[in-house]
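Colleague: I would like to see how this sequence folds:
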Amino acid sequence: MSDPSKLQTRSGDTGAGAGATPPYVLLFDGDCVFCNGTVRFIARRDPKRRFRFASLQSSAGRRLLAQCGVPEETDSVVLIEDGRGYIRSEAALRAALRLRGAWPLLYVFQAVPLRWRDAAYDAFAARRYRWFGRQTEACALPSPEVRSRLLPEEDE
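Modeller: Next up is the predicted model:
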């Protein structure tokens, strides 16, 4: 694969159920406070409800990772768009491109070489638990808005 940020899924199915495949599925680290906050941030800036969400640790998330060829132990954000998976900085920039407000302007960073963008992403990701913490069992449930957009758990 020439560009590791682009990972083609095998089936193109994002697991939304029969008929309606959501245009964008964001897989996130469900243990990360920052990542959970980012999901809420995206949901508020996505009035057309094009994004659906699943944690990397969920059964739906693990299945989608396998379809994209992303190792199950990944802790990077993964954006599945039109049957193709994007990881790390590419996923973050492509997600920002689809948000309401000035956030699509961040896509200008696409001009920065992928190696540099991913190095910055990795540096932040390596410190996110220290800076923001981990989710605990006592954390509040997601808002009804986010909860309605989570992909359902699958029977294993």
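Colleague: what phi and what psi does the backbone show at the closest residue to Phe51 other than its chain neighbours?
Modeller: Closest residue in space to Phe51, ignoring its immediate chain neighbours: Tyr24 at 4.8 Å, by Cβ to Cβ, 6 or more residues apart in numbering. The C-beta positions use only the backbone N, C-alpha and C, and glycine is treated the same way. When read as degrees, to the nearest 10, the backbone of Tyr24 gives phi -140, psi 130.
Colleague: How about stretch 116-128, which residues are buried there?
Modeller: Buried residues in stretch 116-128, counted by 16 or more other Cβ atoms under 10 Å: Arg117, Asp118, Tyr121, Ala125, Arg128.
Colleague: Mind checking which of these land in helices?
Modeller: Of the buried residues of stretch 116-128, the ones assigned to helices by DSSP state H are Arg117, Asp118, Tyr121, Ala125, Arg128.
Colleague: Out of those residues, which is nearest to Cys35?
Modeller: Arg128 (7.5 Å; Cβ to Cβ).
Colleague: picking up where we left off before, for Pro152, see how far away the residue nearest to Phe51 is.
Modeller: Between Tyr24 and Pro152 the distance is 17 Å, computed by Cβ to Cβ, to the nearest Å.
Colleague: In terms of neighbours, single out the busier of the two.
Modeller: Tyr24 (18 against 12; other Cβ atoms under 10 Å).
Colleague: Report the contact partners of that one.
Modeller: Each residue near Tyr24 by Cβ atoms under 8 Å, 6 or more residues apart in numbering is listed here: Arg50, Phe51, Arg52, Leu79, Ile80, Glu81, Ala95, Arg98.
Colleague: and if we set it to 6 Å?
Modeller: The contact partners of Tyr24, taken as Cβ atoms under 6 Å, 6 or more residues apart in numbering, are Arg50, Phe51, Glu81.
Colleague: out of the residues you listed, which are buried?
Modeller: For the contacts of Tyr24, buried by 16+ other Cβ under 10 Å: Phe51, Glu81.
Colleague: Helix, strand, or coil at Pro152?
Modeller: Applying DSSP: H, G, I helix; E, B strand; the rest coil to Pro152 yields a three-state assignment of coil.
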